[in-house]
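Undergrad: This is the structure alone, sequence omitted:
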């Protein structure tokens, strides 16, 4: 036993030393930004295909778009980027963009209207996963040559009916709106792939940076684009290194081997607070944490049961403990800062009320299975639910699996209950309304696997029509009101319990200035960064 | 085809040559069969895994039409034997296919990740052998003494400690506090891409390029993870060495040798140790092969882009081309190491004949 | 023990006899002799003691555990050892770590026992048969062993659990399936060196059949190397189970499996070190015990070294 005692002592001492000793400082070169992040989700860097977080981070810094967000003023909404200005036709269906003069791609080729039109057409024709962001406006591979057209210095986009202009423009700020260097891409075409194979691992854009290398699960290296129209950025090289563990990221940051750590857990953030030379930023992101109940289940589909479930979640307890600082209670499907977002959070843990509702529905001895992927914070949420559900007599069995495994079952409508996260695809309220509260055909045959309402076999109780109406409403205030109404009903009747909105906590060396992660609406921007 | 030609020329050669030839052919045959079996089992695994490879490609948001298109493009609508046939055909042409996850040739990925693992495993085994073998021999000779006890505790502690804990503590103390070693990763970011890639092993490449700064930096990064892996290898090797040595030391011929008055050193190192060499090489080969397979946890903690991480990530995302490619390479090395130790048995161990 | 002794005062003599009266008698006598040897090895007895202690803890978990291993208290999470009666502190959900460890001992014992029986058992069978019979049997069995051996372990384990479904039993099976090939190779290597010895030739001349030779004469000679390997493997087995648990394919939450507890606690390693370290120490202690005992057993079971 003595061995163990000594061992434990050594451990304790080592840790005590670790807490107090000031780590020796290393330093990264002054014109180089080094970031630790998890980048194992990158599957492709082609803007027509790229759809994951780390991929969007690269895209945003490599590709210019027609309209874009100013990282130093995100609240202003979209503004001109490669398009200097635009006009909307009288019927509201055609938007005509005038290209900015004198902008060049990293290759030196001029950015033409031709490039812009071709890039958007290409995304529609390739029909990869994110293509719905464009095709929801009625573009098809057949008609896209007529609906998206270049003419001299202008590009015009004609939608199948009238939509809110802000909706269309917001969609163009998504990754898929990235404008490619057509001449450059054409050199690398393989068959009819429109350069897809080449663009998965190479870039051809006009943004602040160009890709030097992407080593999967290892690093992404970017280099400043001297042709960038806003001027070459201060950081000549940006290296994003894949570091899986939060504690490892923390050590790297403390030692000064990296400038920014992006995946610190609440405990490591707390440990870093007050450390000299390190600052912690908190930025509200668009991701929501939610749980949902399959309406194919005979008991879970009862209205009282759906209600009861929402009272069986310890929102406060989790927010103030293991989710501290990284998730904030949010019970509506539109993330805060979105048009139409509301901040009413009526539900809190109330076992008695839940029991009452369950009794009213005549439910007893309920046993259900929840599917959750193998991320610790989600497993902990699941265990907290297990605990509170048990107090109302519901037995919750947790099935943990890999992301793809759980997702396959969720998409096949096989899970009783799902616990997971959802991030918006583009900064318009329709991105979430169109999936949480929209389900035109609830039959198994419809296979609308992209819609969350369909995955939970929920017919939306009439919200589908309201969502369809809101998306074509031109008046901003009326539109906002419509979404508020939809969410009010959604909160009460839907089989979704939206729980939290994500706050990303970033540790950075305090000499790094102007790093903006993109808030709830876009991805990170490296070009304003200085050291 | 080459096989048939060899046979033709062999017929005119001496019987001894023929015998060796048959032996080589037999060995080649067994390697082929093993590899084929390995590939087929892996392929089957890919099909029974409840992870949907299509989802890895198209992502969560994909609608039905995008999903179906990808399903067909991946050839998943064909019968499994046909799929395997296609795969085999490609592999025979040196093509391991394209990784579903990162859209680049698997062969290229493996060329990148395997040297990283090899560098780590080789250095680790090196530590393990050079400390473990003498420790095991001494522990056996001085059985019951304090050296034996210390060796026992050192080995058992090493073997019983969760590796990620040891790794993190090592990082915290030697990197975080003392700053004696480099941090996670193979090189400081500043040094990356400074030297041309020849073998993919940074230590070797930097030596070839004659760049001492890079070499020193790489060494400072590899020393900690390699020591930790080496500790584990050492624990295993020293225990096995001790066990083998005890067996020999209690044998009659050792007593005879001692009675004949041979010096103790000769008895131990020439006679006893000489007899366990072959067994020992099997153990070392096994332990080396285990490290080559990739120490997933160590690689994770030290952000070491090795093959263990590569295969695991690929597996969890059902990137079966990558899993197959990785498995085939790791498998081939296993098989070769085994054949190597088999040969040693037959050449050096008179009892095995 | 003492009761048995008083009721049968001749038992000790019966066991220590030089002239066994039956086959059963002889075997018992041999076992007793072995026990006496083992008892004189302090280290082994410490190991055995720890394991017996573990067995007791597992058996009486509900009575020993100070708290409900599943009871959460988000307000009192990550409390350091000694806080509010939590002797070993609390985890991320405020559960008492000591109580979880105590209940977790049941799962650990279950996994270890099953794997320690299945994997070496299969390995021994395949290895000795292959080594002794040789020829085609050897070729085929060794190719199969090679195929399994050549697999990266995690790939194989994951695949089997994936095919069979998540859960402790399937995790045990998966680990066993990945663990047997090394045993087979070691057993075969041993068999090859024993096969042509004078001793075996003598037994053959007496007309013993291959089955008898393998089970009676080769197995006992292989066991020592296997036992050393098994005991050294046990920590690996526990951690492999944890690895599967970590990937969601082993013990499902909130089950207090030690490995899964480590996986849960590793996030806090820099600040709340006890969450991962306590189960780590538990695993460390148990595998150390296995190692100590295994070392002692080796002396007893190894006929090549036997006192007689």
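TA: Yep, that arrived. Predicted model, so just to flag it, every value in this text is computed and none were measured. Numbering: from 1, shown residues only, chains lettered A, B, ... in the order given.

Undergrad: what does the stretch 101-250 of chain B have sitting close to chain A?
TA: The interface of the stretch 101-250 of chain B toward chain A, taken as CB under 8 Å from any CB of the partner chain, is made up of B:101-104, B:109, B:112, B:153, B:157, B:168-169, B:171-173, B:175-177, B:179, B:183-185, B:188-190, B:192-193. To be clear about C-beta, it is placed using only N, CA and C from the backbone, and glycine gets the same treatment.

Undergrad: switch the cut-off to 10 Å
TA: B:101-104, B:109, B:112-113, B:116, B:153, B:156-157, B:161, B:164-165, B:167-169, B:171-173, B:175-180, B:182-186, B:188-190, B:192-193 (CB under 10 Å from any CB of the partner chain).

Undergrad: Can you list the low-confidence ranges for the stretch 151-300 of chain B?
TA: Under the criterion pLDDT under 70, the flagged ranges of the stretch 151-300 of chain B are B:164, B:294.

Undergrad: do the stretch 1-150 of chain A as well
TA: If you take pLDDT under 70 as the line, the stretch 1-150 of chain A has these spans: A:1-26.

Undergrad: can you rerun that using 90?
TA: In the predicted model of the stretch 1-150 of chain A, residues A:1-30, A:39-44, A:50-54, A:73-77, A:92, A:127-130 satisfy pLDDT under 90.

Undergrad: And the strands in it, which stretches?
TA: Listed in chain order, the strands of the stretch 1-150 of chain A (DSSP state E, counting those that start in this stretch) span A:32-37, A:67-69, A:78-80, A:83-88, A:94-99, A:148-151.

Undergrad: Adjacent strands (with direction) for the fourth one?
TA: Which is strand A:83-88. Strand A:83-88 pairs in its sheet with strand A:94-99 (antiparallel), by DSSP bridges.

Undergrad: what does the last one give?
TA: Paired neighbours of strand A:148-151 in the sheet (DSSP bridges): strand A:154-158 (antiparallel).

Undergrad: Tell me the first helix or strand C-terminal of the partner strand.
TA: Proceeding C-terminally, strand A:154-158 gives way to helix A:165-172 as the next helix or strand, assigned by DSSP states H and E.

Undergrad: Centroid-wise, who is the farthest residue in chain C?
TA: In chain C, the residue that sits farthest from the middle, by CA atoms, centre = their mean, is residue C:75; the gap is 38.7 Å.

Undergrad: okay, which residue is most central for chain C?
TA: Within chain C, the residue whose C-alpha comes closest to the C-alpha centroid is residue C:116; the distance, by CA atoms, centre = their mean, is 4.1 Å.

Undergrad: Quick one: residues contacting residue C:256.
TA: Residues near residue C:256 by CB atoms under 10 Å, 6 or more residues apart in numbering or on different chains: C:65, C:69-70, C:91, C:95, C:97, C:99-108, C:264, C:279.

Undergrad: Could you tell me the phi and psi values at the residue of chain A found nearest chain C?
TA: Of chain A, the residue with the smallest distance to chain C, taken as CB to the nearest CB, is residue A:400 at 3.2 Å. Here is the backbone geometry of residue A:400 (degrees, to the nearest 10): phi -100, psi 140.

Undergrad: Residue A:380 is in contact with that one, correct?
TA: No. With contact taken as CB atoms under 10 Å, residue A:400 and residue A:380 are classed as non-touching, separated by 11.4 Å.

Undergrad: what do the two both touch?
TA: A:372, C:253.

Undergrad: related to what we said a few turns ago, Throw the strands of the stretch 1-150 of chain A into JSON lines and include mean neighbour count, thanks.
TA: Output for these, formatted as JSON lines (neighbours: other CB atoms under 10 Å in any protein chain shown):
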{"stretch": "strand A:32-37", "mean neighbour count": "24"}
{"stretch": "strand A:67-69", "mean neighbour count": "23"}
{"stretch": "strand A:78-80", "mean neighbour count": "16"}
{"stretch": "strand A:83-88", "mean neighbour count": "16"}
{"stretch": "strand A:94-99", "mean neighbour count": "20"}
{"stretch": "strand A:148-151", "mean neighbour count": "18"}
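
Undergrad: want to try CSV for these, with distance to residue C:19 as columns?
TA: CSV is the format used below for the strands of the stretch 1-150 of chain A (distance: least, CB to CB, whole Å):
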stretch, distance to residue C:19
strand A:32-37, 75
strand A:67-69, 96
strand A:78-80, 100
strand A:83-88, 105
strand A:94-99, 106
strand A:148-151, 102
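
Undergrad: I'd like to know which of those strands lies nearest to residue B:141.
TA: Relative to residue B:141, the nearest member of the strands of the stretch 1-150 of chain A by CB to CB is strand A:32-37, separated by 49.1 Å.

Undergrad: and the closest one, does that touch chain C?
TA: No. Under the criterion of CB under 10 Å from any CB, strand A:32-37 makes no contact with chain C; the nearest approach is 15.1 Å.

Undergrad: Without its sequence neighbours, what residue ends up closest to the residue farthest from the centre of chain C?
TA: Computed as CB to CB, 6 or more residues apart in numbering or on different chains, the closest residue to residue C:75 that is not its neighbour in sequence is residue C:94, at 6.8 Å.

Undergrad: tally of neighbours for the one you found?
TA: When counting by other CB atoms under 10 Å in any protein chain shown, one arrives at 19 neighbours for residue C:94.

Undergrad: Kindly indicate whether it is helix, strand or coil.
TA: When states are read from DSSP: H, G, I helix; E, B strand; the rest coil, the local structure at residue C:94 comes out as coil.

Undergrad: my read: it touches residue A:322, true?
TA: Yes. Using CB under 10 Å as the test, residue C:94 is close enough to residue A:322 to be in contact (9.5 Å).

Undergrad: which residues do the two both contact?
TA: C:74, C:77-78.

Undergrad: List just the nearest of the residues you listed to chain B.
TA: Distances from chain B to the shared contacts of residue C:94 and residue A:322, taken as CB to the nearest CB, are shortest for residue C:78 (17.2 Å).

Undergrad: Just the element for the closest one, please.
TA: Taking DSSP H and E as the definition, residue C:78 sits outside all helices and strands.

Undergrad: Phi and psi next, for it.
TA: Reported as degrees, to the nearest 10, the phi and psi values for residue C:78 are phi 50, psi 40.

Undergrad: Around it, count how many other residues there are.
TA: Using other CB under 10 Å: residue C:78 sits among 20 other residues.

Undergrad: Check the gap between it and residue C:138 for me.
TA: As defined by CB to CB, to the nearest Å, residue C:78 lies at a distance of 56 Å from residue C:138.

Undergrad: Can you pull up the most central residue in the chain?
TA: All of this refers to chain A. Central residue check for chain A by CA atoms, centre = their mean: the C-alpha nearest the mean position is that of residue A:423, 3.8 Å away.

Undergrad: was after chain B, sorry
TA: For chain B, the residue sitting closest to the mean C-alpha position, by CA atoms, centre = their mean, is residue B:292 at 1.9 Å.

Undergrad: mind showing which ranges of the stretch 201-350 of chain A have poor pLDDT?
TA: Scanning the stretch 201-350 of chain A for pLDDT under 90 picks out A:215-218, A:243-248, A:251, A:255-257, A:267, A:273-274, A:276, A:321.

Undergrad: and the longest helix along chain B, how far from the chain's centre?
TA: Of all the segments of type helix in chain B, defined by DSSP state H, the longest one is helix B:212-249. Relative to the mean C-alpha coordinate of its chain, helix B:212-249 is positioned 14 Å out (CA atoms, centre = their mean, to the nearest Å).

Undergrad: Enumerate the positions of it that are buried.
TA: Counting neighbours by 16 or more other CB atoms under 10 Å in any protein chain shown, one finds that the buried residues in helix B:212-249 are B:214-215, B:217-249.

Undergrad: And chain C, is it touching that?
TA: Yes. Part of helix B:212-249 sits near chain C under the criterion CB under 10 Å from any CB, namely B:232, B:235-236, B:239-240, B:242-244, B:246-249.
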